[in-house]
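A.B. asks: Coordinates for the following, if possible.
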Amino acid sequence: MSNTISVQGLSRQFGALTAVEGVSFEVERGAIFGLLGPNGSGKSTIIRMLCGVLPPSAGDASVLGHDIRTDSEAIKRRIGYMSQKFSLYNDLSVRENLNFYGRVYGLEGEQLAKRREAVLELTSLGDRIDQLAGTLSGGWKQRLALACALIHEPEVIFLDEPTAGIDPVARRQLWDLLFELSARGVTLFVTTHYMDEAERCNVVGYIYLAKLLVLGKPDELKQLPSVNRPGTSRYELRIASPAEKLAPLRALDAVQDATLFGETIHLLVSDETPVLKILEAANIAAGEDAIREVGPSLEDVFVTLTKAAEKDLVAAVITPPEPQHPTPKHATTKRSPWRTFDGLFAILIKEFFHIRRQRSTLFFMLVVPVMQTIIFGVALDTQVEHIPTVVLDLDGRRASRELIEAFVNTRQFHIVEHAHDRDAFQGFLTSGRARVGVIIPPYYSERLLQGEQVQVQVLIDGSDSQVATTALNAASLLGMNLSVAIARPKAEISGSAPSRDTLGRAALPIEVRPRLLYNPELESAHFFVPGLVGIILQLVTLFLTSFAIVGERELGTLEQLFVTPVGRSGLLLGKLVPYALVGFVETLVVLTVMVYAFGVPIQGSLALLLGLSMLFLVSALGLGLLVSTLAKTQVEAMQFAFMIMLPSVLLSGFAFPRAEMPSPIYEATFLLPATYFIEILRGIVLRGANLFDLLPWVVGLTICCWVILMLSITRFRKQLS
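C.D. replies: Down below sits the predicted model:
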């Protein structure tokens, strides 16, 4: 008969811990192979390696002729897997769970319906088909898990402790199903620590402390020389209070082993001493009818082998307890008021151990305060300076150059460009590359020389009320100071007005005429609400995506999916597309609230805004996926998500002007997708910017999105770590 599973020298290490060491065995087609061992012995690790979701550290193995290292996806299409913990979807019904796993294996339409009915009949789940999986009892949950593992007619089924935690009747019924499957030619690989289940297997392997101690048929194992030692016999002793007699029996030299079996004791004794004399030496009164010779059970086999394996380990030193001094009979004990603090020290020590071992929490505790201190103490500056300014100098002579220099000397304005025509000038303001625009008229120098008042127009982007207010005050004050500087000498010499307006009245030489664009009323909602749209979209999408994936990992459903043939791209798209659609609907809702509740109209193209919003949503989904590859629990996911959201809120320009940040931090803000999207939002919503105006921000957001997705997809593997 051909072998379905072949294992040679399989090993797996987790750091310094060896979970499986040099395991080898073969499983024939149609057999029920039982792998027994205590918890933590390596049973589940072996199954995960054979299913292709955990790479081995050493050794080789094949399932159905496919190598577990190089051809794991081919294995997954032909096997079924039932995990130790119920790992189906509690919020789906029996029918929905079966349909989901059927579709994962490529079943559709009539074929899916036939297979669903077949497994429902086999597992007797037909009456519960519309019941939510989370409301099923333990036994029925295991039946559902088995039905999902059978939906695609696998050739091999791996069952990791399938009867753990269910009642004896459900255990018996589940094994009846397994026998029926075996009769149909399905190979069953079962892990358990129940001895009665081991008796039902064709071949049994016993693993202890990562090593396979023995392998064979149950009857063959009972005949091992190490179990049936020459010159010994095994008896079953049925007496009252057997637990009390166990220690005296073990103390006798003629007794080589004594084990409690329910209401009886199994004795392994030397043939040199009659068993009745042994009982007499232990002060046990029992007739011959209370004693019968028995053969070894599988439990005897495994206990014997375990003890032999433990001889190779260093014996633990047990310190005897200190003698207790009894309280005098007539003494009265008063409860101290300090007793309410009992256990305080123990709890403190335990919590410190928890904190020490939770690396993500330590990182969160130590790094976040430093980050907050740097951001609030160094990066954030509410004093606005160096406002990006574009100049359209239509005069070009000395007086106009002096005026431009005066703007620079205030430190409130930073000249980023000298425009040569009005279209280029307007483009800088619309795109947001400049927040202030200064237009010097062509007659500026002549008017000053002729003693006539000259008007200088200053256009201010009002979308940021804080920046706009600073620019407005600074421009007005600059005009006043320049006028005073020009007027004072003329007044001292001639005693007349230094300049006159068009009506001939005395006036200041330079009149700065500021004009607020895009938000003339300087309403703060026009500045904060568009940015808030971006922050909300990233916050919700990031948390939903990361929590959904990490939550599945905690519940075990993600591991269950890893064992199926669903591709990595299919798994990722299947997880992310629904949240992308939810995010798109959320975008529409938030924009609607912005327009109708806060009165912030969209000045630019709605189609362009929605298209670029989807690009930003993809980057936010990528961030959520990246968090899910870093976090193992939802608590860790929340911490990592907070680490991403903190700089996104404070450093993206949402609340504080980026131009005032120190150079290294300012450069770092370009690593945040929110930085680009907030500029895009304000450009389209407030300034009516087009794609060409926003091209630098669109390119930056596209690069961020691509880098995040590549990093997330590279880290996300269909394997356990």
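
A.B. asks: so how many other residues sit close to L276?
C.D. replies: 13 (other CB atoms under 10 Å). Bear in mind the C-beta positions are built from the backbone N, C-alpha and C, glycine included.

A.B. asks: Let's test this: what are the backbone torsions at it?
C.D. replies: Backbone torsions of L276, given as degrees, to the nearest 10, read phi -70, psi -40.

A.B. asks: so how far is Y235 from it?
C.D. replies: 10 Å (CB to CB, to the nearest Å).

A.B. asks: Mind listing the shared neighbours of the two?
C.D. replies: Common contacts of L276 and Y235 (CB atoms under 8 Å, 6 or more residues apart in numbering): I291.

A.B. asks: what's the pLDDT at T373?
C.D. replies: Note on T373: pLDDT of 66.

A.B. asks: What of the one 10 residues further on?
C.D. replies: Per-residue pLDDT puts Q383 at 70.

A.B. asks: ok, it - contacts?
C.D. replies: E660.

A.B. asks: again, but for G205
C.D. replies: Shown in contact with G205 (CB under 8 Å, 6+ apart): F25, F33, G34, L35, L36, L212, V214, L215.

A.B. asks: hang on, the third one packs against Y194?
C.D. replies: Put plainly, it is G34. No - assessed by CB atoms under 8 Å, G34 is found out of contact with Y194, at 9.6 Å.

A.B. asks: quick one: which of those two has more around it?
C.D. replies: The neighbour count for G34 versus Y194, taken as other CB under 10 Å, is higher for G34 (24 against 15).

A.B. asks: quick one: which helix or strand includes that one?
C.D. replies: Per DSSP states H and E, G34 falls inside strand 32-36.

A.B. asks: care to break this structure down by domain?
C.D. replies: Recorded structural domains for the chain (assignment: automatic domain parsing) are 3-220, 229-295, 387-517, 524-715.

A.B. asks: which residues of the stretch 101-250 of the chain fall in helices?
C.D. replies: For the stretch 101-250 of the chain, applying DSSP state H, counting those that start in this stretch gives helices covering 109-123, 138-150, 168-183, 195-198, 218-222, 242-250.

A.B. asks: Ok, which of those helices comes nearest Q426?
C.D. replies: helix 109-123 (60.0 Å; CB to CB).

A.B. asks: Please name every helix or strand in contact with the closest one.
C.D. replies: helix 94-104, helix 138-150, helix 168-183 (3 or more CB pairs under 8 Å, 6 or more residues apart in numbering; DSSP states H and E).

A.B. asks: Any chance of those helices in JSON lines with mean pLDDT and mean neighbour count as columns?
C.D. replies: Below are these laid out as JSON lines (pLDDT from 0 to 100; neighbours: other CB atoms under 10 Å):
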{"stretch": "helix 94-104", "mean pLDDT": "89", "mean neighbour count": "20"}
{"stretch": "helix 138-150", "mean pLDDT": "88", "mean neighbour count": "23"}
{"stretch": "helix 168-183", "mean pLDDT": "85", "mean neighbour count": "15"}
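
A.B. asks: since we're on A548, how many residues are nearby?
C.D. replies: Neighbour tally, A548, other CB under 10 Å: 17.

A.B. asks: Would you mind listing the residues in contact with the residue nearest to it when sequence neighbours are not counted?
C.D. replies: Leaving aside its sequence neighbours, A548 sits nearest to K575 (CB to CB, 6 or more residues apart in numbering; 6.8 Å). K575 makes contact with T545, A548, I549, L625, according to CB under 8 Å, 6+ apart.

A.B. asks: And the contacts of G205, which of them are buried?
C.D. replies: Buried by 16 or more other CB atoms under 10 Å: F25, F33, G34, L35, L36, L212, V214, L215, out of these.

A.B. asks: What about the nearest residue to the second one once chain neighbours are set aside, how many residues nearby?
C.D. replies: The one in question is F33. Excluding the flanking residues, the one nearest F33 by CB to CB, 6+ apart is V27, at 4.4 Å. A count of neighbours around V27, defined by other CB under 10 Å, yields 23.

A.B. asks: Okay, and V27 sits in which element?
C.D. replies: Here V27 is assigned to strand 17-28, by DSSP H and E.

A.B. asks: ok, and for that strand, which residues are buried?
C.D. replies: T18, A19, V20, E21, V23, F25, V27.

A.B. asks: rewinding a little: closest one to V512 out of the buried ones among the contacts of G205, please.
C.D. replies: For the buried ones among the contacts of G205, the nearest to V512 is L35 (86.2 Å; CB to CB).

A.B. asks: coming back round to it: and the buried ones among the contacts of G205, which is closest to V391?
C.D. replies: L35 (80.0 Å).

A.B. asks: check contacts around the closest one.
C.D. replies: K43, I46, F189, V190, T191, T192, V204, G205, I207.

A.B. asks: returning to what we had before: with only the CA atoms kept, save the strand holding V27 in CSV.
C.D. replies: Coordinates of each C-alpha in strand 17-28 appear next as CSV, following Å, rounded to 0.1, in the frame of the first residue of the first chain:
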residue,chain,number,x,y,z
LEU,A,17,13.1,26.4,21.9
THR,A,18,13.1,23.1,20.0
ALA,A,19,9.4,22.2,19.3
VAL,A,20,10.1,19.1,17.1
GLU,A,21,13.4,17.2,16.8
GLY,A,22,14.3,14.6,14.2
VAL,A,23,10.8,13.1,13.8
SER,A,24,10.4,10.3,11.1
PHE,A,25,7.4,8.2,10.2
GLU,A,26,5.2,7.0,7.3
VAL,A,27,1.4,7.0,7.0
GLU,A,28,-0.3,4.6,4.6
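
A.B. asks: Tell me which residues are up against it.
C.D. replies: Here strand 17-28 makes contact (CB under 8 Å, 6+ apart) with 1-13, 33, 42, 45-46, 49, 56, 59, 187, 189, 202-203, 205, 207, 210-212, 215.

A.B. asks: Would you list the buried entries among the residues you listed?
C.D. replies: For the contacts of strand 17-28, buried by 16+ other CB under 10 Å: 3-7, 10-12, 33, 42, 45-46, 49, 56, 59, 187, 189, 203, 205, 207, 210-212, 215.

A.B. asks: So which of those belong to strands?
C.D. replies: Secondary structure defined by DSSP state E assigns 3-7, 10-12, 33, 59, 187, 189, 203, 205, 207, 211-212, 215 of the buried ones among the contacts of strand 17-28 to strands.

A.B. asks: circling back to that earlier point, mind checking the SS state of the residue nearest to A548?
C.D. replies: Here K575 takes the helix state, with states given by DSSP: H, G, I helix; E, B strand; the rest coil.

A.B. asks: gap between it and R229?
C.D. replies: K575 is 58 Å from R229, by CB to CB.

A.B. asks: sorry, back to before: where neighbours are concerned, which of the contacts of K575 has the most?
C.D. replies: With neighbours defined as other CB under 10 Å, the most crowded of the contacts of K575 is T545; it has 29 neighbours.

A.B. asks: Contacts only, for that one.
C.D. replies: By CB under 8 Å, 6+ apart, the residues touching T545 are K575, L576, Y579, A620, L621, L623, G624, L625, V627, S628.

A.B. asks: pull the CA atoms of stretch 150-162 into CSV?
C.D. replies: Written as CSV, here are the backbone C-alpha positions of stretch 150-162 (Å, rounded to 0.1, in the frame of the first residue of the first chain):
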residue,chain,number,x,y,z
LEU,A,150,-14.7,17.5,4.0
ILE,A,151,-16.6,19.9,1.7
HIS,A,152,-14.0,19.5,-1.1
GLU,A,153,-13.6,15.7,-0.8
PRO,A,154,-10.0,15.7,0.5
GLU,A,155,-7.7,12.7,0.3
VAL,A,156,-6.1,13.4,3.7
ILE,A,157,-7.6,15.1,6.8
PHE,A,158,-5.5,16.5,9.6
LEU,A,159,-7.4,16.6,12.9
ASP,A,160,-5.6,18.4,15.7
GLU,A,161,-7.2,17.1,19.0
PRO,A,162,-10.7,17.1,17.4
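
A.B. asks: going forward, begin numbering at 49 instead of 1
C.D. replies: In the new numbering, first residue 49, that becomes stretch 198-210.

A.B. asks: buried set for that stretch?
C.D. replies: Buried, per 16+ other CB under 10 Å, within stretch 198-210: L198, I199, H200, P202, V204, I205, F206, L207, D208, E209, P210.
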